[in-house]
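*Asks:* I would like the atomic coordinates for the input below:
(chains A and B)
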Number of protein chains: 2
Amino acid sequence: MKKFFLILGIVPLFLNAQNQSSFEKDKKIIQGFFNEALTQKTAYEDLRYLCKKIGHRLSGSEGAAKAVQWTSKRLKEHGADEVWLQEVMVPNWKRGTKEIARIIGGKNLTICALGNSVGTPFEGITAEVIEVHRLTQLDSLGRDKIQGKIVFYNRPMDPTFINTFHAYGGCVDQRSQGASEASKYGAKGVIVRSMTLSLDNFPHTGSVNYQPNIPQIPAAAISTLDANYLSEQLKKNLKLQIFWKQECKMMPDTLSHNVIAEIKGSEFPNEIILVGGHLDSWDKGEGAHDDGAGCVQAMEVIYLFKKLGIQPKRTIRCVLFMNEENGMKGALKYEEEATKNGEKHIACIESDRGGFTPKGFQIEGGYSKEEIIRKWYKLLEPFDLYKIIEGYGGVDISPFRKHKDVLLIGLEPDSQRYFDYHHADTDVFEAVHPRELELGSASLATLVYLLSEYGISLR
Amino acid sequence: MKKFFLILGIVPLFLNAQNQSSFEKDKKIIQGFFNEALTQKTAYEDLRYLCKKIGHRLSGSEGAAKAVQWTSKRLKEHGADEVWLQEVMVPNWKRGTKEIARIIGGKNLTICALGNSVGTPFEGITAEVIEVHRLTQLDSLGRDKIQGKIVFYNRPMDPTFINTFHAYGGCVDQRSQGASEASKYGAKGVIVRSMTLSLDNFPHTGSVNYQPNIPQIPAAAISTLDANYLSEQLKKNLKLQIFWKQECKMMPDTLSHNVIAEIKGSEFPNEIILVGGHLDSWDKGEGAHDDGAGCVQAMEVIYLFKKLGIQPKRTIRCVLFMNEENGMKGALKYEEEATKNGEKHIACIESDRGGFTPKGFQIEGGYSKEEIIRKWYKLLEPFDLYKIIEGYGGVDISPFRKHKDVLLIGLEPDSQRYFDYHHADTDVFEAVHPRELELGSASLATLVYLLSEYGISLR
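*Replies:* Now for the predicted structure:
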């Protein structure tokens, strides 16, 4: 019941904070954002370019470098007062030639290396396979049953979560931690069921995190259909062997950039509202939903303010972070520099959950912080932004968590289709619906506008 | 602000109405619906059969007859206490061979006849074209400029509406009324821009309503891309002519059926909660979103109660209406019989807006009626059913509007993609996402359950 009482509690605040004429003005401006976004589809056309002309943007790749140049040029065209690049050293992982896996005496398996993984030996790995569903199973199996084998993590995502990110969160330990955990027991490598709720033939990559001082063993994702097939085959033949080869390797760190664009606030220029996504992507598909969508939406926030001639009272900063996927170096660098320069961020908003129809916003830090957004409910509701809950902001703004006064906000789009595309060859421009994407841009602009007008005080 | 105060007003009612233990029981049952739907995907598999084994289900077609038989068999398998067919005479419109249209001396145009339309003369129509954007333009143009020509209605759907149904509502007069209005001024026929926000090469059909005592002239839909092309060509050459031929015609009415299945209530068997969709579809695509989705969702409500062993206190009736698309005969018949038999429907819930992620429910009749649903907000919110608003129930339950005590409710799914598929060849099984569809089934079951437990009183 807590929520109802809190909603009520803020109604008088809202009425006090804004008289009818400022309410009508805000409503008109917000309607303007939606009209412009849904009619001109600037983010959608930017996404087309990013996906179709540039393509994937793995940290350290040619695509990432091109994307830095093109988005900074584009942000100038959108009218930003200032656009600059922030240098950051990023990991430089290369996949190499296409990975191979097959059951000895049987069929090929659809796999791809997990990001940051080491390769197999040049001659590949031929080994028996042991299927597990939980990391803790390794302890009970012990070195006897694991040493020299490939550990096959096959716990599926739980379909009963409404928000598919919760299902992902309940599974991703296999991918991120599985290699080092199996290595402790002498495994030769790990193959992990793809993190998706769809049954298809696409392996979904993602980062593996090696623990220090544990031998690094290769890790790959296997498509859900082939994970099911392999599991069936193992039921018939426990001695089944796989041949597996991948050439991927980590190269020395390389120079890359965060892209930053700003509209200076007219009344409180030192209060910064950040809106952003991450410019890097995996090297599968085109990084359309993850996170081309978030980038072009954040870019469109700049466009919308400038196109509609809205001068914000506080400074709006669009940040396209580099290297979210396999290192978070851009995010760490950005916060480090901001702190060093004594910049005051009042709110950081991230869009990194796909370009689907927005439901609302997740706010970190409990009800007292949610209320700041909730007081604008009557302005958000006509645009179907009904869901204002305590939740998670996003990876790239998470370094700001240590600054207790910064509001961390994540745009929450519908999550049902996200993991069909996530980190896979299916994450292409065509998988993004123009209206769904544009509703996200306008929703971000709306929140940025209200924060820029009223700050983060409840008074 | 009205909404906030009303929300608050009902909190104590909710707390009074349900003690903690019944709240926990309800929560568990609702979670059970979602778990079962998202895991077993019964509606999705039913939709696969309906679309892929039966196909389109235009009133009077072989597909419609097969669908009546198969869904009644399936509802028995789902465990309904009783399943029966209700006879209803329906229009029997036939499209005939594929329609032809081309610009004389130019390219072919992608068109299809509008439903219920008459055909062209056997030799086709060759005529000049006059483009209009509003029905009222005809009055100012007058008979001089219209007689003997084809009127080309080309007003696009307005992309700035958040809910695309509102954009549809603002355009559909061209399709439904355009032929008779143009006929009054002597037009030979009308060609109408497809009712969709996407730019593609698929004509979207839909019904045309001829006014009595006005000569019936043929009507067709043209794809949005070809509508744009034709408009461009007309700018260059006002004398441009089109050749157009379609063979469609209305045959004598034919016998068909509504499909009805019931679970008898244990405490108030005479209080009926209806949940339904329409079984007929257009003869384009497979009628997947419109309205195979609504049918299989309503069928799954029966399945979910029986599978989970939940005995409702009030009677649940799943109704698959025949002939929503071009006559509404099934809906009219159902209400007529219900009234004649003195049946007491307390609520009618319709799903006919596509199998997309549900946002909530629209309730007809103003706040006093919305409150009945809103008091369960705390049980709906965990399943992202945030949007409980005054709105529109649906076409097939609209005959119950005259009974003031019946609650009319429409499931509201996300609407962004609906008109990409609506009444077109693109409305196929593959366009429906399993999780989005199943969330709708479970949402319907949830509301049906709460209504069956607590009725429609606010006390």
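
*Asks:* could you pull out the strands for the stretch 151-300 of chain A?
*Replies:* Along the stretch 151-300 of chain A, counting by DSSP state E, counting those that start in this stretch, strands occupy A:189-193, A:219-222, A:241-245, A:249-263, A:268-278.

*Asks:* Contact partners for the residue in chain A that chain B sits nearest to?
*Replies:* Per CB to the nearest CB, A:Tyr386 is where chain A lies closest to chain B, at 3.8 Å. C-beta coordinates here come from the backbone N, C-alpha and C atoms, glycine included. Listed by CB atoms under 8 Å, 6 or more residues apart in numbering or on different chains, the contact set of A:Tyr386 reads A:Lys359, A:Gly360, A:Leu380, B:Lys359, B:Gly360, B:Tyr386, B:Lys387.

*Asks:* wait, which of these is closest to B:Val118?
*Replies:* B:Val118 lies nearest to B:Lys359 out of the contacts of A:Tyr386, by CB to CB, at 39.7 Å.

*Asks:* Name whatever forms a beta bridge with the closest residue to A:Ala179 other than its chain neighbours.
*Replies:* Nearest residue to A:Ala179, sequence neighbours excluded (CB to CB, 6 or more residues apart in numbering or on different chains): A:Ala219, at 4.3 Å. Following DSSP bridges, A:Ala219 is listed with bridge partners A:Val190.

*Asks:* Could you name the helices and strands sitting against the helix or strand A:Ala43 falls within?
*Replies:* For A:Ala43, the host element (DSSP states H and E) is helix A:42-49. If contacts are counted by 3 or more CB pairs under 8 Å, 6 or more residues apart in numbering or on different chains; DSSP states H and E, helix A:42-49 sits against helix A:62-77, helix A:293-307, helix A:434-454.

*Asks:* could you dump the strands of the stretch 151-300 of chain A to TSV with mean neighbour count, distance to B:Asp352 and mean pLDDT?
*Replies:* Below are these laid out as TSV (neighbours: other CB atoms under 10 Å in any protein chain shown; distance: least, CB to CB, whole Å; pLDDT from 0 to 100):
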stretch	mean neighbour count	distance to B:Asp352	mean pLDDT
strand A:189-193	27	38	98
strand A:219-222	29	40	98
strand A:241-245	21	50	98
strand A:249-263	19	44	98
strand A:268-278	24	36	98
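
*Asks:* how many neighbours does A:Gly366 have?
*Replies:* Burial of A:Gly366 is recorded as 9 neighbouring residues (other CB atoms under 10 Å in any protein chain shown).

*Asks:* Enumerate every residue touching the closest residue to it other than its chain neighbours.
*Replies:* Spatial nearest neighbour of A:Gly366, chain neighbours left out: A:Glu390 (5.8 Å); criterion: CB to CB, 6+ apart. Applying CB under 8 Å, 6+ apart, one finds that A:Glu390 lies in contact with A:Gln362, A:Ile363, A:Glu364, A:Gly365, A:Gly366, A:Tyr367, A:Lys369, A:Glu370.

*Asks:* about what we covered before: residues of the helix holding A:Ala43 that come out buried?
*Replies:* By 16 or more other CB atoms under 10 Å in any protein chain shown, the buried positions in helix A:42-49 come out as A:Thr42, A:Ala43, A:Tyr44, A:Asp46, A:Leu47, A:Arg48, A:Tyr49.

*Asks:* about what we covered before: what's the distance between the residue nearest to A:Gly366 and A:Phe361?
*Replies:* Distance, A:Glu390 to A:Phe361, by CB to CB, to the nearest Å: 10 Å.

*Asks:* related to what we said a few turns ago, could the strands of the stretch 151-300 of chain A be laid out in CSV, adding distance to B:Asp283?
*Replies:* Listed next are these as CSV, based on distance: least, CB to CB, whole Å:
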stretch, distance to B:Asp283
strand A:189-193, 42
strand A:219-222, 43
strand A:241-245, 50
strand A:249-263, 51
strand A:268-278, 44
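
*Asks:* Next, the contact list for A:Phe152, please.
*Replies:* Taking CB under 8 Å, 6+ apart, we find A:Phe152 in contact with A:129-132, A:190-193, A:222, A:227, A:230-231, A:234.

*Asks:* Which pLDDT does the model give it?
*Replies:* Looking at A:Phe152, its pLDDT stands at 98.

*Asks:* repeat for A:Leu458
*Replies:* pLDDT, A:Leu458: 67.

*Asks:* A:Gln246 - how many residues pack around it?
*Replies:* A:Gln246: 26 neighbours (other CB under 10 Å).
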